[in-house]
Structures are given as C-alpha cells and as structure tokens.
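Participant: need a structure here:
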Amino acid sequence: MKVKRMRPSNPHEASPKIGVLPIGGRKSLGGRGLSDAPVTLGSLLARTSLKAIGLSLGLEVRMVDGHLLVRALLPRPMWSWRLSASSSFCRTVVQSGLLTHRQMVHAAWRYRLGRSKDDAVIYWQMDQLGQVYDGKLMWYGPDCHRLKHRHASWVMYLVKQHFGIPQDAFQPTHVFFGTHLLVHGERFMVHGERLKVHGSRLMVNDERLNNNHEPLTMNHEPIIAVVEAEKSAVILSELYPQYIWLAAGGMNEVQVSKFLPLRHYRVILFPDTDPEGRAFRIWYDAAQQVMHSFFWPPHNPIRVSPFLELHASSEQKQRKIDLVDYIFESKNPMNDEQ
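Facilitator: Residues are numbered from 1 along each chain as shown. Predicted coordinates:
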C-alpha cells in the first residue's frame, strides 16, 4: 500500500468537504475497478470509516486510486474572512496623507484589520498564539476620527445577539490589540494585494517592500510601545517600525493581566494627554501595579512616557489629543530618546 501526503488546505479555500469515498465493488474511482484487488490494509481501514479516523486526528483521510491520501485540516481563522484594507478607517488614513496606500495595506495585513458589511473597521484582539478573543468594530469620518454618533461594537456581542445567546452568558477575555505581533506572520490576501513573508522581507505582489520590519525575536530586543487607540498603533507601526505597537483600546483598559505576554520585553506606555493629566496618572499607576505583580521580572522597568505632557500645548490637551495627532499637527517627529 502506498501512502501519500497531501499539502495542508489552502487558507484561501473553503474547508474541504470530508466523506468516505466508495471503496471496492466494480464502481471505479480513477478508471480502475477494485473488485478483484486483494484485501489490503487500506480496504480494511475503509470499512472502519476513514472519516471517523481522520476527524479524530484532525486529518482528512481517504482512498483514491488505491492510495491512502492524508491531508491536515486547517480551518480558516475567523479574522481572515473579513481581512481588508478598504474600510472607512483605511480609506481615510490614505486620503488624509497619514500613510501611503502601500503602507496601509502592509499595516492592515500586520494587524489583521477587517471590514464589516456596513464599512466599520474590525480591530481583532488576538494573543501571541493567534487565538482570537474578540473584535472591536469602529466607524471613522473623513477627518480620520471615529464617528461620535456611532458607538463601538464587539464581534462577540453581535454573535450572541445573532444566535439568541444571553449577553451575560459569558464574557470574552480581552487582550492588547496587536499582541499577535509577538510572533511572525503568514501569507494572506488583503483586498486584492498578494502578500508573502520570506524571512524578514515582505513581498507585495511579488515586489519587495522597502521597510525596516524585522522578525520579532528576542535577539533583536524589540521594544513594546503601548498607546490608547487602535488607530494610533496601526499608523505608528509604519512611522516608527523599530517598535512593536500595541493598543489598550481605552484609557482604563490597562489591566495587569494584559501585560503577562509582555513580561520579557522592554515596555513603554504612551498615554493620551488631557488638561488634568488624568490619563498619565492612570497609566503610571497601572505600570506600578504591573511591576509589583508576581509575574513581572524585577529588573525590567516599565516606562511611562511624558512626551505629550511635556510637548502638547494647552489647546491640544483640551482636545485630549494622542501621539498621532501631535506628530502630524506639530510636525515634530518623536525620536527614540523621547
């Protein structure tokens, strides 16, 4: 009996349908009858249900032309169904001149940005193992700021609503947006752009993208930069690729548990600014709690950057700007020492 291995399922294709193919009898599979063939291990396995054996092992197992074919079942991840660089957010970022189209496509791929049917961007929250926890839906106007009359929604909230599950049945755990960047990526399509990763090179439509992104390994001692808004993390990742940009998703979304995957990295927090300095104090206190927690290494201090507190004007603090707003309004780039 010959055994062949099939390639894993293409993530762009729908999950293959699995079924037990007819084995034996005079009905041929590939033009050859099998009725007169001697009894083989393959035919015995077929009688015990290849489908059941394969499913129990996470494999598609079937007989074709007397060969036992084995293929791993790789279900398409949830975020890949909506992967897009054409949501209202992505379009306004390019139209506003914050990023070029190619930069936006690259950022959409890195952060797995999605697009809903009503044009919201989907910020997927995934951990470093690629497990999806939830997704935040947000709508943006032409000024690249979110629409105030449309409140953010969550994928898990909509899923429970669709299937009639009580909203208090369970609550999904949230992580920092961008945590999945602590490992390297794969190959996927982003709104018509074909992207591949070859080592540290990113290829867009088979052309090398000239950027400074490197594989995220501890040998490079990457620095984690945490901002409040997901929008800011996406844009800053292209402007300052020497950092791994994560987003808390809100001023009060800096719970201690979210820092666990970051414990072996250097971490800098960039809170938004406000007239009272409230955001800075909240994030400073959160950093102190994390550094005093049992899982945080004692010689790995978390830095809370006072950049906006020192450089933003009173009018900018009144508007509660973030780092992206300051950089483009003041034309004052941030350097590594700030």
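Participant: and the helices in the stretch 101-250 of the chain?
Facilitator: 101-111, 155-162, 230-239 (DSSP state H, counting those that start in this stretch).
Participant: kindly check the end-to-end length of stretch 266-283 for me.
Facilitator: Terminal residues of stretch 266-283 are spaced 16 Å apart (Cα to Cα, to the nearest Å).
Participant: can you pull the buried residues of that stretch?
Facilitator: 267, 268, 269, 270, 271, 272, 273, 274, 279, 280, 283 (16 or more other Cβ atoms under 10 Å). Every C-beta, even on glycine, is put in place using the N, C-alpha and C of the backbone.
Participant: repeat that for stretch 116-130.
Facilitator: 116, 120, 121, 122, 123, 124, 125, 126, 127.
Participant: shaky segments in the stretch 1-150 of the chain?
Facilitator: 1-61, 68, 70-75 (pLDDT under 70).
Participant: repeat that for 80
Facilitator: The stretch 1-150 of the chain contains residues with pLDDT under 80 at 1-77.
Participant: burial count for residue 319?
Facilitator: 14 (other Cβ atoms under 10 Å).
Participant: that one and residue 271: what is the separation?
Facilitator: Residue 319 sits 15 Å away from residue 271, going by Cβ to Cβ, to the nearest Å.
Participant: look up which residues are beta-bridged to the residue nearest to residue 113 when sequence neighbours are not counted.
Facilitator: Leaving aside its sequence neighbours, residue 113 sits nearest to residue 121 (Cβ to Cβ, 6 or more residues apart in numbering; 5.8 Å). Beta-bridge partners recorded for residue 121 (DSSP bridges): residue 115, residue 138.
Participant: got the contact list for residue 121?
Facilitator: 87, 88, 89, 90, 113, 114, 115, 137, 138, 139, 140 (Cβ atoms under 8 Å, 6 or more residues apart in numbering).
Participant: just those now: which is nearest residue 167?
Facilitator: Nearest to residue 167 among those: residue 137, at 16.0 Å, using Cβ to Cβ.
Participant: with adjacent residues omitted, what lies nearest to the closest one?
Facilitator: Nearest residue to residue 137 in three dimensions, chain neighbours excluded: residue 120, at 4.1 Å (Cβ to Cβ, 6+ apart).
Participant: for the one you found, give me its contacts.
Facilitator: So residue 120 contacts 87, 88, 137, 138, 139, 153 (Cβ under 8 Å, 6+ apart).
Participant: so which of the residues you listed comes closest to residue 227?
Facilitator: Nearest to residue 227 among the contacts of residue 120, with distances taken as Cβ to Cβ, is residue 138, at 14.9 Å.
Participant: you'd agree that closest one is up against residue 123?
Facilitator: Yes: with contact defined as Cβ atoms under 8 Å, residue 138 counts as touching residue 123 (6.9 Å).
Participant: overlap in contacts, those two.
Facilitator: Counting by Cβ under 8 Å, 6+ apart, the contacts common to residue 138 and residue 123 are residue 230.
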